[in-house]
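**Q** Sequence and predicted structure below; questions after.
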Amino acid sequence: MASAVPGFFLGLSLILAIGAQNAFVLRQGLRRAHVFAVCLTCAVSDAILIAAGVAGFGALTEALPGLEWTMRVLGAAFLFWYGWRSFMSARKGGQALTAGQEAGSLRAALLTCLALTWLNPHVYLDTVVLLGAISAQYPSQLAFALGAMTASFVFFFSLGYGARLLAPLFARPRAWQVLDVLIGAVMWAIALKLLLL
């Protein structure tokens with residue numbers, strides 16, 4: 001417990017900020033579209049990255065300096081594209097949350113989720129490098145990693161299923177337009193930050 005509890009709270013603190021991945025999970029939760037699969041994909045991806053970090057994968061990014069730059073450019077390009085889609089959706093307007101709304105394909109949702117996770121260099125810096133380095137300070141790196149992994153599962157499933165509480169608000173098209181603009185702005189801000197690092 002001396003290692004698991006700090007791992008849980010550090011892991012939770014790193015994923016609490018609204019980012020590209022979290023905004024996508026929120027949107028899927030509001031639409032009630034493939035929520036379980038999206039939350040599970042995010043949590044399992046985080047668990048793999050945390051395990052890699054604790055196992056020492058962070059040394060690879062230091063050994064291959066070009067890898068970080070490549071990841072940043074690819075991640076920024078994807079975030080610019082996704083942000084543009086959100087802005088276009090807001091401009092078009094007219095969307096509202098209704099019962100039986102078309103959910104889109106599971107494949108498209110999972111591919112978007114995987115891209116938002118694995119093409120985001122911040123994910124590697126947070127989960128692989130930072131958590132990996134900090135885990136070395138604790139008596140049980142395994143317990144620390146399990147604590148951080150648990151935080152990911154708790155967070156993503158809470159966000160995905162908790163979004164339903166906001167469903168009445170998103171029955172209005174204007175609320176979706178505001179959300180799309182906010183998501184687009186977050187995506188572009190993160191992309192710019194990646195390019196200016």
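**A** Now that the structure is in, tell me what you want to look at. Numbers count the residues shown, from 1 in each chain.

**Q** tell me which element the residue most central in space within the chain falls in.
**A** A centroid search over the chain (Cα atoms, centre = their mean) returns residue 21, at 2.5 Å, as the residue closest to the centre. Element membership for residue 21 (DSSP states H and E) is helix 20-31.

**Q** Which elements pack onto that helix?
**A** Under the contact definition 3 or more Cβ pairs under 8 Å, 6 or more residues apart in numbering; DSSP states H and E, helix 20-31 sits against helix 35-54, helix 106-118, helix 141-162, helix 173-196. C-beta coordinates here come from the backbone N, C-alpha and C atoms, glycine included.

**Q** Dump the ones you listed to a markdown table, plus mean neighbour count.
**A** Listed next are the helices and strands packed on helix 20-31 as a markdown table, based on neighbours: other Cβ atoms under 10 Å:
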| stretch | mean neighbour count |
| --- | --- |
| helix 35-54 | 21 |
| helix 106-118 | 17 |
| helix 141-162 | 21 |
| helix 173-196 | 18 |
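
**Q** Minimum distance to residue 90: which of those helices has it?
**A** helix 173-196 (3.6 Å; Cβ to Cβ).

**Q** What is the subsequent helix or strand relative to the lowest-mean-pLDDT helix or strand in the chain?
**A** Using mean pLDDT, DSSP states H and E, helix 58-63 stands out as the lowest-scoring helix or strand of the chain, at a mean of 64. Where DSSP H and E defines the elements, the next helix or strand beyond helix 58-63 is helix 65-92.

**Q** chain center to that following helix: distance?
**A** 14 Å (Cα atoms, centre = their mean, to the nearest Å).

**Q** quick one: buried residues of it?
**A** 68, 71-72, 74-76, 78-80, 82-83, 86-87, 89-90 (16 or more other Cβ atoms under 10 Å).

**Q** In this structure residue 54 contacts residue 138, no?
**A** No. Under the criterion of Cβ atoms under 8 Å, residue 54 makes no contact with residue 138, lying 9.9 Å away.

**Q** Show me the common contact partners of those two, please.
**A** Common neighbours of residue 54 and residue 138, counting by Cβ atoms under 8 Å, 6 or more residues apart in numbering, are residue 144.

**Q** Residue 38 and residue 30: what is the separation?
**A** Separation of residue 38 from residue 30 (Cβ to Cβ, to the nearest Å): 12 Å.

**Q** Please identify the nearest residue in space to residue 78, excluding sequence neighbours.
**A** Sequence neighbours aside, residue 119 is the residue nearest to residue 78 in space, at 4.9 Å (criterion: Cβ to Cβ, 6 or more residues apart in numbering).

**Q** How many neighbouring residues does that neighbour have?
**A** 19 (other Cβ atoms under 10 Å).

**Q** what stretches of the protein score poorly on pLDDT?
**A** The chain contains residues with pLDDT under 70 at 14, 16-18, 57-62, 67-68, 71, 75, 94-103, 136, 194, 197.

**Q** Recalculate using a threshold of 90.
**A** 1-24, 26-27, 30-33, 50, 52-105, 116-142, 144-145, 159, 163-197 (pLDDT under 90).

**Q** The most far-flung residue of the chain relative to its centre: what's it in contact with?
**A** Largest separation from the mean C-alpha position in the chain: residue 139, at 28.8 Å (Cα atoms, centre = their mean). Neighbouring residues of residue 139 by Cβ under 8 Å, 6+ apart: 2, 3.
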